[in-house]
Each structure stands twice: as C-alpha cells, then as structure tokens.
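Engineer: here you go, sequence then predicted model.
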Amino acid sequence: MSRTKWRLWGGNGELIEFDQVGHGTWLQGAPHGWAGNPSITVASSSAHRLRSGEHRGPARTGARTATLPVAVSAPSETELWQRIDDIAAMLDPTWGADCRIEVERPDGETRSIFATYVSGWDPDLIGVSQGVATARLTFKAHDPFWLSSLRPEVRIDLPVTGSGSTLTDWDDPAVDWDDLNVPWDGFDSAGSNGAMTTVENQGTAEAWPIFRVTGPAEKIVLVNASLGQSWEWNGNLLSGSMLIDFGQRIILADGENAWPGLGATRQWWPLRPGLQYVFVGVTGSDTNTKLDLSWHPRFLSP
C-alpha cells in the first residue's frame, strides 16, 4: 500500500528524499506542526467604552512554525561531515531563498509549503564513528497554507449581446458568410454583456484566481459576487492574450506590464473555500475573445 512521502527542497535547489534506503537522510519521527490550524491572531476591538479584549476583532492566520526530525547516515565519518555541511548550505536562508517542504499523498497529489529555516541544524553526533547524526529542524512558513499541485480550470463563455446565448464562430456580423443557413443569431457580439458562473474551491483555505484573457477586449471587470468585491482594467487588448494573477498581483498583456490600465476599483479578491459566484464582464470583445479562470487550491494540512 502506498504511503505519504516527504521531501525537502533547499534554497539552493538541492533535494532530500526522506524515504531513502541505506545511507542517506530520513525522518526519524513524526513531523510536528504542519497539519491543522496554525496560530491565529485575534485583534481586540477599539469600540467606545469597551476594555481591550472584551470584544473580538478581526482574526488572521499567523505564520506556521513546525519541525522535521531527521537522521543522517554516511558510509564514513568523513562523508558524514561533508553531508552535514551540504545540508547546512541547503538550509541557509541568508541567500534569500526559502526551502520547500513537499508531501506526496497516496493518491499521487503533491502539496508544498515554503518555509524559512530557523534552527536545529546543529546535529547530535550519536554515532559519528558509524556515520550517524540526528537533528530536529525548525522552520517558519510565513504563508501557512499548503499549495496543491492540481490546478482546476473553468472556461467562462461570454454571451452574445441581447441573445443570452453562448458566443460561437458564427456570431461575428463582420464576416460575410456564403452559406445562408449558418446559425448566426443576428446579434453584434462586440458589446458582450457579462457572464456569471459558479466556482467551487475544494481547498480548505482561500485560493488566488488566475485569469487568462484572449483579446480583443477594452474593459475587463472581474467580480466575486459572493464576497461583494470587484476588480477592473481598462486598455486596448487587441488579438493578443492577457495574464491576470491575483496572488502575485501581476497584469501582463502580450508579456508586457499592463498595470497602468488598472482601474480605481482594484480589490484583489480570493476564492473562498466552497461554492461562490464569479461575474465576468468584457467590453470591446468579439467572437475571438476567450476567458479562463484557474487556481491552485490551498490547504490547512498536507
């Protein structure tokens, strides 16, 4: 029967597989602090005539501090010392790169969390003459959620103005069709109304949407109706494509920065866990305009 596998990617790109057989690195015990709720910060209210802490204010998830108990073995004492130095270089956060803890679940899905090494790599040399050392590595994950390798994707079809039907290649009145029997409904798609769709985030934490828009488009409005939050962009996207990444705060049109088109309404809203309604409005569109929504689910546990 398959089992959960743990891996550690160092800030320098090196990998430790914790299920190695023979000489190598393995988990000496159960990892601690990686599953369930991390710490929660609850603000106190500043309401008039209430003492601090008498009324709960906003609650926010804090950083996650967690440990990995590891053991290292090598064929000789000399090679053990070298392995200790190699792992120290992997963990060193002074170069600006965090480590990535990765878990492969029995069903094949992988989940990752980025964490900064804090302490613990001063290993106990319990059997230095036999090439064995143990340590308890402590990490801090400032974003405390696990990121899934899966990426659900939703195609959002824009309706033809006034018809309520889905855009097709026949809906462009600028095209002179020779066949009189083509199913063109007679509506101009250049002024497309919006489309509402249902999105289900199956994660246990909020996820950040990624939109990919194929032009033309002049105005794009993206709304999470369940949260009441809206985002707007104005510009001149012709036949190219646009990437809008809410998590990274990136707007690229044909690979170029399109941030200047960002409207005054700029709420970078998340997808909350569960079902929600997402509204998309695109003006200046035609039958070539396409829009896809994707996201990486995030979880409280690996």
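Structural biologist: Thanks, I have the structure now.

Engineer: ranges for the strands of the stretch 51-200 of the chain?
Structural biologist: 56-61, 64-73, 99-104, 110-119, 124-127, 132-141, 146-148, 153-155, 195-201 (DSSP state E, counting those that start in this stretch).

Engineer: buried deepest among those strands, which one?
Structural biologist: Among the strands of the stretch 51-200 of the chain, strand 146-148 has the highest mean neighbour count (mean count of other Cβ atoms under 10 Å), at a mean of 22. Heads up, the C-betas are built off the backbone N, CA and C, glycines and all.

Engineer: look up which residues are beta-bridged to the nearest residue to residue 245 once chain neighbours are set aside.
Structural biologist: Closest residue to residue 245 apart from its sequence neighbours, by Cβ to Cβ, 6 or more residues apart in numbering: residue 210 at 5.1 Å. Counting by DSSP bridges, residue 210 forms beta bridges with residue 245, residue 294.

Engineer: quick check: residue 210 touching residue 249?
Structural biologist: No: look at residue 210 against residue 249 with Cβ atoms under 8 Å: they stay out of range, at 11.7 Å.

Engineer: neighbour-wise, which of those two wins?
Structural biologist: Using other Cβ atoms under 10 Å, the more surrounded residue of residue 210 and residue 249 is residue 210, with 19 against 12.

Engineer: now for that one: which residues touch it?
Structural biologist: Shown in contact with residue 210 (Cβ atoms under 8 Å, 6 or more residues apart in numbering): 243-247, 293-295.

Engineer: tell me the bridge partners for residue 16.
Structural biologist: Residue 16 forms beta bridges with residue 8, as assigned by DSSP bridges.

Engineer: how many neighbours does it have?
Structural biologist: Residue 16 has 21 neighbours, counted by other Cβ under 10 Å.

Engineer: what sits against it?
Structural biologist: 7-10, 25, 87, 90.
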